[in-house]
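In: after the sequence you'll find the predicted model.
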Amino acid sequence: MLLEDASALGLDCVILAESAQDSAATTASNVIVGSPKDQMALDTLAAAVDVITFDHEIVDLELLAALEARGTSIAPSTSALLHAVDKAAMRLALADRQLPMPRFAVLAPGEALEDPGLGWPLVVKAARGGYDGRGVFVAADLAEATGIVQALHAEGVSALLEEQVAIRAELASLVCRSSSGEIRAWPVVETAQVDGVCREVLIPGSVSDRYRAEGEALARTIAEELDVVGVLAVELFITGEGLVINELAMRPHNSGHWTQDGSVTSQFENHLRAVAGLPLGSTKTTAPFVASVNVFGGAEQRSPHASLAEALSVEGAHVHLYGKAPRQGRKLGHVTVAGSDPEHVRRAAWHGALALGTPLPDALRMGAL
Ligand SMILES: Nc1ncnc2c1ncn2[C@@H]1O[C@H](COP(=O)(O)OP(=O)(O)OP(=O)(O)O)[C@@H](O)[C@H]1O
Ligand SMILES: [Mg+2]
């Protein structure tokens, strides 16, 4: 999706992809096949480009920092990116700045777990390497938590322990910051996660003016404090005590896919503008209401393309498919609808996603869908 906007701006991109079959690799004209954790592959990439940026954070920060020290331009810089790669580093840095978060503790490999006093059940997270809920565990008691912590430590990963907060709603605040310090913010959105995975994004959803303002202010503060260049997504929980920060991403984020079809400038375009040192574009919405629903593979593993015509017959549906092989539970694309009626856009986006084979999660109360 970054490549689509890079093409429109005439920016040449070179992709470092793990496999020639990766969605980005099949779209890009310049592909290096290799691991983002491989020194040689990174050196080849660095020699071919003016600036390196990211679309995921499963990277080797130490290798990247060495490249940076030798003069390669990396955006966001590795010192900013640390806080998206490492949830423990993120918690410690934001705690230093007194930003609202769940109570937490960090256990590095070698440190033994005692009752951290955060209540039970306890949320235990891999500090690095998790995504889509992988790396997030809920432990009922000290024995279960100890087992999870030991397994993480055996892989050399620190454990982040968090109180399990009672979540009233999940929000995401998305901003983009340019290298000159200009910040543009999209409206704060409501997201719905099932089993730790984002299923739908609603703009504005149930986000009140108060949380919209607070969420935007938090993201602006974090972007400045951590010197982020590019898109910053701040995942937030509404709790009984107000907003708390869940985690950060420093790249185009699932909660911002709707911007392709509901904002003057998409998160992908603004990310590219930021890392290329260009002025940012307007983040205004193009309609009062937008809904974006993720397309997932179902049990029968049929390709969403088999029913593309059905999805495209939903009036106003923008279909984005990632070209991934269908597998149960795998995110294969998203459908976005913008319009003037919140119920209509949500229903239409779901109709598109369901037509493409997405199973309807029981956990989402969809009413008369
Ligand atoms: N402290 C907590 N208390 C209650 N629920 C939590 C807590 N932390 C995480 N969760 C739940 O687990 C989900 C996934 O957590 P988190 O975002 O840390 O994991 P992730 O694997 O990095 O997610 P993703 O890559 O999908 O954003 C959250 O969206 C939330 O629903
Ligand atoms: Mg998350």
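Out: Received the coordinates, thanks. Numbers count the residues shown, from 1 in each chain. Ligands and ions are numbered 1, 2, ... in the order given.
In: just the helices from the stretch 51-200 of the chain, written as ranges.
Out: Remark: helices assigned in the stretch 51-200 of the chain by DSSP state H, counting those that start in this stretch are 61-69, 78-85, 87-96, 142-154.
In: just the C-alphas of the second one, formatted as PDB.
Out: Looking back up the chat, that one is helix 78-85. Coordinates of the C-alpha atoms in helix 78-85 are reproduced here as PDB (Å, rounded to 0.1, in the frame of the first residue of the first chain):
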ATOM      1  CA  THR A  78      16.500   3.600  15.600                       C
ATOM      2  CA  SER A  79      16.400   5.600  18.900                       C
ATOM      3  CA  ALA A  80      12.700   6.400  18.200                       C
ATOM      4  CA  LEU A  81      11.900   3.000  16.700                       C
ATOM      5  CA  LEU A  82      13.100   1.200  19.900                       C
ATOM      6  CA  HIS A  83       9.800   2.300  21.500                       C
ATOM      7  CA  ALA A  84       7.700   0.500  18.800                       C
ATOM      8  CA  VAL A  85      10.000  -2.600  18.700                       C
END
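In: residue numbering should commence at 31 henceforth.
Out: Sure, I'll start numbering at 31, so the last one becomes helix 108-115.
In: ok, back up a step: what's the most buried one of the helices of the stretch 81-230 of the chain?
Out: Of these, the one with the most neighbours on average (mean count of other CB atoms under 10 Å) is helix 108-115, at a mean of 21. C-beta: built from backbone N, CA, C; applies to glycine.
In: does that helix reach ligand 1?
Out: No: with CB under 6 Å from any ligand atom as the threshold, helix 108-115 lies outside contact range of ligand 1, at a closest distance of 9.8 Å.
In: got the angle between that helix and helix 117-126?
Out: Angle, helix 108-115 to helix 117-126, by axes from the mean of the first three to the mean of the last three CA atoms, to 10 degrees: 110 degrees.
In: quick one: average pLDDT of helix 108-115?
Out: Averaged across helix 108-115, pLDDT comes to 98.
In: re the thing from before, tabulate the helices of the stretch 81-230 of the chain (a markdown table), appending distance to residue 46.
Out: What follows is those, written out as a markdown table (distance: least, CB to CB, whole Å):
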| stretch | distance to residue 46 |
| --- | --- |
| helix 91-99 | 11 |
| helix 108-115 | 15 |
| helix 117-126 | 24 |
| helix 172-184 | 27 |
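In: lowest-confidence helix or strand of this structure?
Out: In the chain, no helix or strand scores lower on mean pLDDT, DSSP states H and E than helix 53-57, which sits at a mean of 93.
In: convert the C-alpha atoms of that one to CSV, please.
Out: Provided in CSV are the C-alpha atoms of helix 53-57 (Å, rounded to 0.1, in the frame of the first residue of the first chain):
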residue,chain,number,x,y,z
SER,A,53,2.6,-9.1,-1.3
ALA,A,54,5.0,-6.1,-1.4
ALA,A,55,7.6,-8.0,-3.4
THR,A,56,5.1,-9.0,-6.1
THR,A,57,4.1,-5.3,-6.5
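In: ok, back up a step: how about the helices of the stretch 81-230 of the chain, which one is nearest residue 237?
Out: helix 117-126 (21.1 Å; CB to CB).
In: which helices and strands does the closest one pack with?
Out: When contacts are defined as 3 or more CB pairs under 8 Å, 6 or more residues apart in numbering; DSSP states H and E, helix 117-126 sits against helix 108-115, strand 134-137, strand 189-193, strand 272-279.
In: quick one: those as TSV, columns for distance to residue 237 too.
Out: Conversion of the helices and strands packed on helix 117-126 to TSV gives the following (distance: least, CB to CB, whole Å):
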stretch	distance to residue 237
helix 108-115	23
strand 134-137	25
strand 189-193	23
strand 272-279	10
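In: what's the closest of the ones you listed to residue 310?
Out: Ranking the helices and strands packed on helix 117-126 by distance to residue 310, with CB to CB as the measure, places helix 108-115 first at 17.1 Å.
In: what score does residue 396 have for pLDDT?
Out: The pLDDT attached to residue 396 in the predicted structure is 63.
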